[in-house]
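> Okay, predicted coordinates and the sequence, questions at the end:
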Amino acid sequence: MATNGAPGEAATAVPSLAVLAQYVKDFSFENPAAPRSLRAGGQNPNIQVNVNVNARGMSETDVEVEVKIDGQAGEGADTVFRFDVVYAGVFRIEGVPAESRMPIVLIECPRLLFPFVRQIIADAVRNGGFPPLMLDPIDFAALYRQRLSEQAAASIPEGAVLS
């Protein structure tokens, strides 16, 4: 572990975040209406995308972070394509206080993984016969704040008065 300070001073750990590995854990692409759906001149279908981030500790310093993105173009019988991908990475986090660790795990780690999962989705949609789907950047900080709000709301007993 790296330290900072002059000889004889108490050593302090320098915060660090390292990517040890990244990989596809699960992947699916469906093109249920092919080849009918591949005809040129079709209308632009409604595209829905869902994002979820999960993490699990592997050791005192290592954590696996998963970014799950699923989506589809069209609905019901008019579904043009759908995809589901879980892309993960193993990260080593050192020198970070415990209270600061969770935002790094659920914001910074997914932010590092996102460009790779975005490319996987774009390539799969293109290989399915459609223009590549280039997902907009995701605000993982907003997802983290939303998760905290949901957890706080779930911990308030029903009927409690908030002041």
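Happy to help now that I have it.
> The most centrally placed residue in the chain: what secondary structure?
Residue closest to the average C-alpha location in the chain (C-alpha atoms, centre = their mean): residue 67, at 2.8 Å. Three-state assignment for residue 67 (DSSP: H, G, I helix; E, B strand; the rest coil): strand.
> how near is it to residue 116?
From residue 67 across to residue 116, the span is 9 Å (C-beta to C-beta, to the nearest Å). For the C-beta atoms, the positions are set from N, CA and C on the backbone; glycine is no exception.
> hmm, back to that, show the pLDDT at the residue nearest to the centre of the chain.
For residue 67, the model assigns a pLDDT of 98.
> Give the residue spans of the chain that score low on pLDDT.
The chain contains residues with pLDDT under 70 at 1-12, 40-43, 155-163.
> Enumerate the positions of the top helix by length along it that are buried.
For the chain, the helix with the greatest residue count under DSSP state H is helix 109-127. Of the residues in helix 109-127, 109-114, 117-118, 120-121, 124-125 count as buried by neighbour count, 16 or more other C-beta atoms under 10 Å.
> hmm, who's touching it?
17, 19, 22, 24, 27, 29, 53, 55, 63, 65, 67, 69, 71, 81, 83, 85, 87-89, 91, 131-135, 137-138, 140 (C-beta atoms under 8 Å, 6 or more residues apart in numbering).
> quick one: which of the residues you listed sit in strands?
Counting by DSSP state E, the part of those found in strands is 17, 19, 22, 24, 27, 29, 53, 55, 63, 65, 67, 69, 71, 81, 83, 85, 87-89, 91.
> Weed out the non-buried ones from these.
22, 29, 53, 55, 63, 65, 67, 69, 71, 81, 83, 85, 87-89, 91.
> Can you tell me which of those is nearest residue 152?
residue 53 (17.8 Å; C-beta to C-beta).
> Without its sequence neighbours, what residue ends up closest to the closest one?
residue 110 (4.8 Å; C-beta to C-beta, 6 or more residues apart in numbering).
> Also residue 92?
residue 18 (4.5 Å).
> That neighbour contacts residue 95, correct?
No. Using C-beta atoms under 8 Å, residue 18 is not in contact with residue 95; the gap is 11.3 Å.
> When these two are compared, which one has more neighbours?
Between residue 18 and residue 95, counted using other C-beta atoms under 10 Å, the more crowded position is residue 95 (15 against 11).
> circling back: touching both of residue 67 and residue 116, which residues are there?
residue 87.
> Check which residues of stretch 95-108 are buried.
96, 103-108.
> In helices, which of those fall?
Going by DSSP H, the helices hold residue 103 from the buried residues of stretch 95-108.
> All set, thanks.
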